[in-house]
Each structure stands twice: as structure tokens, then as C-alpha cells.
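Asker: Give me coordinates for this.
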Amino acid sequence: MQPGVKETLERDPSLTVTDRREMLGLLGKWLGGALIGATVWKAGEALAATTSTQRKHRYGMVIDTRRCVGCRACMVACKAENKTPPGVFYTVVFDQLIEPRIDDKPLFMTKPCFHCGHPPCVDVCPVSATFKREQDGIVVVDYDRCIGCR
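Answerer: Residues are numbered from 1 along each chain as shown. Coordinates of the predicted model:
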């Protein structure tokens, strides 16, 4: 022991003497923990980078049927936006009494395009005017190719 160390240890009994072997063991444990932490950190960064750039958006539309009054403005707007021929509607509003209701008001059900996961309209389109975009899942109609058979 070096001079002065013994006197310091006698004054403060909470201090302990660490030999070289013990010090190397602690250093090895610390370096091992740091290496594991860095590995986990890098793996997390790599996972975050791949999921953020490869994430696909899935859009949807919600229609509150409790607030629908059956004005069919959604049908008019859809027809104007999609420029469908006369008699062709991509959005339809059904009004019927499905079950007896307390207020005897009809329940209006809107049937828009659902942008399905595997849209059958894409498979049956005779001119391949309907397709599903890969980046966001939106079902799109190419109006220049569409013949309006829907």
C-alpha cells in the first residue's frame, strides 16, 4: 500500500481498496454493458429507419350515419369530382327503415368506394381503368380509359 492510503482508509471506513484483478473485472463488465447498449441502440436505429421509409399509409373515410339527413350532397360531389356519365354513381345513399326506430325516421346508409384491401372492381374492370395505388392503397379510376360500365 502506498504511504497515506492506510491513514485515509482508517479515517473513512466506507472506502475500500480495489486490487488490480477486481478493477479489471469491473472495467470488463462496464465495457461489456456499453457494447451491448450500443448494439441495441444501433439495431433500434436501423429498425426505425426501415420502418419509417417503408411504412405504407392506409387511408379511410368515416361517415356518421346518425348525422346523415339524406340530402345526397355526397353523391353530387362524388359525381362532379369523378365526372361519371349519366346514371353512373360511385357513391350511393340508400334510405330505408331497416328496423322500427323510436322516431320513425329512415336510416340513411351511404355506400362509397371502400378502397378495399383486395378490390374486386380492379379485377373485373374490362379496360383496366381501375387500379390500386401501392403507396397508399387508394383505388383510382383512370377517367381517360373508363367506359362507365359501373
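Asker: Strands of this structure, start to end?
Answerer: According to DSSP state E, the chain carries its strands in the segments 92-96, 107-111, 130-132, 139-141.
Asker: What is the third one packed up against?
Answerer: So that's strand 130-132. When contacts are defined as 3 or more Cβ pairs under 8 Å, 6 or more residues apart in numbering; DSSP states H and E, strand 130-132 packs onto helix 120-124, strand 139-141. In this view, the C-beta of every residue, glycine as well, is placed from N, C-alpha and C.
Asker: pLDDT (mean, whole number) over the first one?
Answerer: Over the span of helix 120-124, the pLDDT mean works out to 90.
Asker: what does that helix contact?
Answerer: For helix 120-124, contacts defined as Cβ atoms under 8 Å, 6 or more residues apart in numbering pick out 130-132, 139, 150.
Asker: please redo it, this time with the cut-off set to 6 Å
Answerer: With contacts defined as Cβ atoms under 6 Å, 6 or more residues apart in numbering, helix 120-124 is touched by 130-132.
Asker: a markdown table for the residues you listed, including neighbour count?
Answerer: Formatted as a markdown table, these follow (neighbours: other Cβ atoms under 10 Å):
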| residue | neighbour count |
| --- | --- |
| Thr130 | 20 |
| Phe131 | 16 |
| Lys132 | 16 |
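Asker: between the residues you listed, which is nearest Arg21?
Answerer: Nearest to Arg21 among these is Lys132, at 66.5 Å by Cβ to Cβ.
Asker: Correct me if wrong: that closest one contacts Val140.
Answerer: No. Applying Cβ atoms under 6 Å as the test, Lys132 and Val140 come out as separate, 7.4 Å apart.
Asker: So Val92 versus Cys113, what's the distance?
Answerer: Distance, Val92 to Cys113, by Cβ to Cβ, to the nearest Å: 11 Å.
Asker: Those two - which one has more neighbours?
Answerer: Neighbours were counted for Val92 and for Cys113 using other Cβ atoms under 10 Å; Cys113 has more, 17 against 13.
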